[in-house]
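1. this one's structure only:
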């Protein structure tokens, strides 16, 4: 069992707080019962050690994200930390949003580690599942050297990049075309209509390459299909050059190949056990959402979603949904309904989620029409009434030197640009870090759109006697008023451990970090078996 890095014994929960034991939590997972386990530390500590199905929801982000992540207010919610005291602060905040069944995990992280495996990194269930798929299905792959040689000598070959388009544009391997994972079975035959065409599927590391390649095999393509082993990380570690700024992608709907793609997707989904909902069954699912958590997810591209989607459905592109299910779905054991308008993408995505132990079905436009357009905003509770604590961008700019500006946005955004002179502080660390600010004058809190600052004002008042204000509409209002941001000077009052730096994204990753990530992924199957709570079943 991987040891938990802890700062000391976890304090007992405060009087009156409900607790749940690690043994009971693990029983619920094995039984398929609904439960949301929320790690309320920042993402950096979360990425170092957490239980298998734990979802990262930092204390400072609760009001901003929980309503979408945990949509049913009476679902069992369990929160934990590693002795920092965040969980005890999280419980009343979650209760205040209307959640009725909130408990703390007995012993916190260190207590859990005595009963079950703890895991590194993020999106662990999806990555562990990908490794299990490769181990069971023997998904064919090529090393970076083998792939490079084939790319250079074989004319009848396509390279399909299964990552998000933004990742592909940052860097890609030669001849790569952006086809995010959920689109592969829908579009691959159109891109490679001949069965003699060799197909290489790549991602940044391993999971999306494996799942993408196996998706095409499951969908019945007769081609020679290979995953690029270890993705762009393996390509880079082998000393090969990546390309930057490529924009090759296919957004046109398939034509001649569509009927075959649909027939094969239907056959595979039926084999796996994916249900297709009619109008009456979907209406029943909606009616039962008060007693059974329901997530309605549109798995098409963001462009398709924005052009028109069913009411109440969130955008969750299929490849990313399989790769990072916990970014959309916070309740293990919940019910999922996936939508597309073609019959291929939802079925293929659902086939993977079904094998990951989810209760998942698909629905089409014959049952739910695409009546809404644009990008659906995250659900949030009403902002607190700031009253005299509000300050406008114009008021702040008129006398900025008189204020100590505290920026609560995520650290990458702060680094990219912040109001001149602003200090980076995490709201979860107000009690220890506000005292480190210079001077003794008034403080103004800001965040990206002002929401986090407004929700954090009460905590700030409990941590300092200095006058406090919150910038109305946040840093966006500052720039909208024509004021500049600075990025050449920074003041890091809190440590920037709020965001885990993925060693497979971006172009400035150390070779040691990339190799360590690959080594970690390769041992996930063994750790998964030792933990025994996943309910995974690879068909």
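-> All right, it came through fine. All values reported here derive from a predicted model rather than from experimental measurement.

2. Test my guess that residue 70 contacts residue 78.
-> No - counting by CB atoms under 8 Å, residue 70 stays clear of residue 78, with 10.8 Å between them. Every C-beta, even on glycine, is put in place using the N, C-alpha and C of the backbone.

3. which residues are common contacts for these two?
-> Between them, residue 70 and residue 78 share these contacting residues under CB atoms under 8 Å, 6 or more residues apart in numbering: 36, 38.

4. any low-confidence regions in this structure?
-> Counting by pLDDT under 70, the chain contains low-confidence ranges at 1-16, 506-508.

5. Check the burial of residue 512 by counting its neighbours.
-> Residues within reach of residue 512, counting by other CB atoms under 10 Å, total 9.

6. if I look at it, how far off is residue 187?
-> Noted for residue 512: a distance of 36 Å to residue 187, by CB to CB, to the nearest Å.

7. ok, residues contacting stretch 124-138?
-> In this structure, residues lying in contact with stretch 124-138 by CB under 8 Å, 6+ apart are 50, 52-53, 119, 121, 139, 141, 206-208, 210-211, 214, 217, 227, 322-326, 352, 355-356, 521-522, 524-525, 527-528, 534, 536, 538.

8. which residues of the stretch 151-300 of the chain fall in helices?
-> Ranges of helices in the stretch 151-300 of the chain, per DSSP state H, counting those that start in this stretch, are 165-170, 184-191, 207-218, 231-237, 258-272, 279-287.

9. With residue 147 as the reference, name the closest of those.
-> helix 231-237 (7.6 Å; CB to CB).

10. From the chain's centroid, how far away is that closest one?
-> Mean C-alpha position of helix 231-237 versus that of the full chain (CA atoms, centre = their mean, to the nearest Å) differs by 22 Å.

11. Quick one: list the elements packing against it.
-> helix 144-153, strand 198-202, helix 511-522 (3 or more CB pairs under 8 Å, 6 or more residues apart in numbering; DSSP states H and E).

12. Give me whichever of those is most buried.
-> Stretch with highest mean neighbour count among the helices and strands packed on helix 231-237: strand 198-202 (a mean of 25; mean count of other CB atoms under 10 Å).

13. would TSV of the helices of the stretch 151-300 of the chain with mean neighbour count and distance to residue 24 be doable?
-> Putting the helices of the stretch 151-300 of the chain into TSV (neighbours: other CB atoms under 10 Å; distance: least, CB to CB, whole Å) gives the following:
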stretch	mean neighbour count	distance to residue 24
helix 165-170	18	39
helix 184-191	24	40
helix 207-218	27	30
helix 231-237	24	38
helix 258-272	17	31
helix 279-287	13	28
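
14. so how far is residue 110 from residue 87?
-> Distance from residue 87 to residue 110, counting by CB to CB: 13 Å.

15. cool, residue 22 as well?
-> Distance, residue 22 to residue 110, using CB to CB: 10 Å.

16. got it, and residue 159?
-> Residue 159 sits 45 Å away from residue 110, going by CB to CB.

17. can you tell which of the helices of the stretch 151-300 of the chain is closest to residue 418?
-> helix 165-170 (22.5 Å).

18. which other residues reach the closest one?
-> 161, 176, 178, 180, 204, 244-247, 249, 505-507.

19. out of these, who has the most neighbours?
-> Highest count within the contacts of helix 165-170 by other CB under 10 Å belongs to residue 161, 33 neighbours.

20. which ones are touching residue 452?
-> By CB under 8 Å, 6+ apart, the neighbours of residue 452 are 60, 61, 63, 64, 408, 409, 427, 474.

21. ok, now which ones touch the second one?
-> Meaning residue 61. Per CB under 8 Å, 6+ apart, neighbours of residue 61: residue 452.

22. my guess is it is in a helix, correct?
-> Yes - according to DSSP: H, G, I helix; E, B strand; the rest coil, residue 61 belongs to a helix.

23. Contacts for stretch 183-199, please.
-> By CB under 8 Å, 6+ apart, the surrounding residues in contact with stretch 183-199 are 150, 154, 156-158, 160, 162, 177, 179, 201, 212, 215-216, 218-219, 221-226, 250, 254-258, 260-261, 264-265, 301, 318-319, 342, 344-345, 348.

24. Got a quick PyMOL command for the buried subset of those?
-> In PyMOL, a selection of the buried entries from the contacts of stretch 183-199 looks like this (16 or more other CB atoms under 10 Å):
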select buried, resi 150+157+158+160+162+177+179+201+212+215+216+218+219+221+223+225+226+250+254+257+258+261+264+265+301+318+319+342+344+345+348
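
25. all strands of the stretch 1-150 of the chain, in order?
-> Secondary structure of the stretch 1-150 of the chain (DSSP state E, counting those that start in this stretch): strands at 19-20, 36-39, 55-56, 77-80, 102-105, 141-142.

26. can you list those strands in a markdown table and add distance to residue 450 and mean neighbour count?
-> Shown next, in a markdown table, are the strands of the stretch 1-150 of the chain (distance: least, CB to CB, whole Å; neighbours: other CB atoms under 10 Å):
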| stretch | distance to residue 450 | mean neighbour count |
| --- | --- | --- |
| strand 19-20 | 35 | 16 |
| strand 36-39 | 24 | 26 |
| strand 55-56 | 23 | 24 |
| strand 77-80 | 26 | 27 |
| strand 102-105 | 27 | 23 |
| strand 141-142 | 47 | 20 |
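
27. To residue 297, which of the ones you listed lies closest?
-> Closest of those to residue 297 is strand 55-56, at 15.9 Å (criterion: CB to CB).

28. Tell me how far that closest one lies from the chain's centre.
-> Strand 55-56 has its C-alpha centroid displaced from the chain centroid by 9 Å (CA atoms, centre = their mean).

29. strand partners of it, parallel vs antiparallel please.
-> As defined by DSSP bridges, the strand partners of strand 55-56 come to strand 36-39 (parallel).

30. separation between residue 86 and residue 310?
-> Distance, residue 86 to residue 310, by CB to CB: 37 Å.

31. likewise residue 46?
-> To residue 310, residue 46 is 33 Å away according to CB to CB.

32. For these two, work out which one has more neighbours and name it.
-> residue 46 (24 against 21).

33. I'd guessed that one sits against residue 54; true?
-> Yes - using CB under 8 Å, residue 46 makes contact with residue 54 at a distance of 7.4 Å.

34. so what sits against both of the two?
-> Both residue 46 and residue 54 are contacted by residue 39, under the criterion CB under 8 Å, 6+ apart.
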